[in-house]
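>>> Following is a predicted model, sequence given first.
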Amino acid sequence: MCHRLKALFSLAIGLFFVCALVVNPAATLANTIVIDSFDNPNPGTNFFVPGLAPWGSGNPFLNKDTVVGVLGGERDILVQVVGTPLPISAAGIIGYEPVYGNGVLEVGTYGRAGTRVTAQYDGVDMDSSGALVDAKGLGPVDLTDGGVNDRLQLAFNSVDGGNALALGLAVTAVGAGGTPTTVNLLVPESGTPFVYDIPFAAFPVNVFGSVESLTFEFNNSGTPTPNVDFELDSVVAVPEPSTLVSLSALGALLVVVGTWRWRKR
């Protein structure tokens, strides 16, 4: 009876690991740190960026939301239109989107203008300037969660690089010493949801154990590419994929051992 109980226990634990990873891989990893899921506000904030004179002021759109569950407690979004405008050169939504049933940062560009979008997480501040998104400081925060996490992960619903073949993205992390480190990337186009990994090792200096601010600048070139559209679902810091593989392998092994013991007895 004792051997049968051990076999059943091994089988149950193995099935737990395998099923948990299949149903929700992130839920099994306590080290995952959510930077932004864009689920708040609910309903989402719709925005429109007017063109230059004579159609509009040409001022950028700045949204600063104090949000529970966002890294640092505040999300700063700056949308700037650069180039030949239309009456409405860019539009989008920040927050929960009822059609898709989740939170998004969605941006669409129209005409020959290019739209540069900056999302910054630097803690709660009182800056209301529409010209710049400032870096005030998070505290700092350990995005490695004690050395376990090794990458940022951006979940996109879709990416259209417009007149380019990919979406330009600059990610800047400021460490505890106040020195920024930046990596320039190209996010591939896709009409279906996908995950884009940014390893901490891609940065010239690894500051993610003590981060004061984190900034994502989409379509970041000096002259932004026209007609860029993208929908970002979430941004998180996660462990390396091998952690998921190891847990899945452990679960499969326990299933095999439990089944073998059960049949043997």
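Sure, I can see it. Numbering: from 1, shown residues only.
>>> Just list the residues touching residue 117, thanks.
77, 78, 79, 80, 105, 107, 217, 218, 219 (C-beta atoms under 8 Å, 6 or more residues apart in numbering). Where you see a C-beta, it was placed from the backbone N, CA and C, and this is true even at glycine.
>>> Give me the three-state assignment for it.
strand (DSSP: H, G, I helix; E, B strand; the rest coil).
>>> follow-up on the earlier one: quick check, nearest of the contacts of residue 117 to residue 178?
In terms of C-beta to C-beta, no member of the contacts of residue 117 lies closer to residue 178 than residue 217, at 18.9 Å.
>>> Excluding chain neighbours, give the residue nearest to that closest one in space.
residue 170 (4.4 Å; C-beta to C-beta, 6 or more residues apart in numbering).
>>> Sticking with the residue nearest the centre of the chain, tell me its helix or strand.
For the chain, the residue nearest the mean C-alpha position is residue 235 (1.6 Å; C-alpha atoms, centre = their mean). Residue 235 belongs to strand 229-239 when assigned by DSSP states H and E.
>>> Strand partners (parallel or antiparallel) of that strand?
Using DSSP bridges, the strands paired with strand 229-239 in its sheet are strand 33-36 (antiparallel), strand 102-109 (antiparallel), strand 149-160 (antiparallel).
>>> related to what we said a few turns ago, so what's the residue nearest to residue 217 up against?
182, 183, 184, 185, 215, 216, 217, 220.
>>> before we move on, what about residue 120?
Residue 120 makes contact with 76, 77, 78, 133, 135, 213, 214, 215, 216, according to C-beta under 8 Å, 6+ apart.
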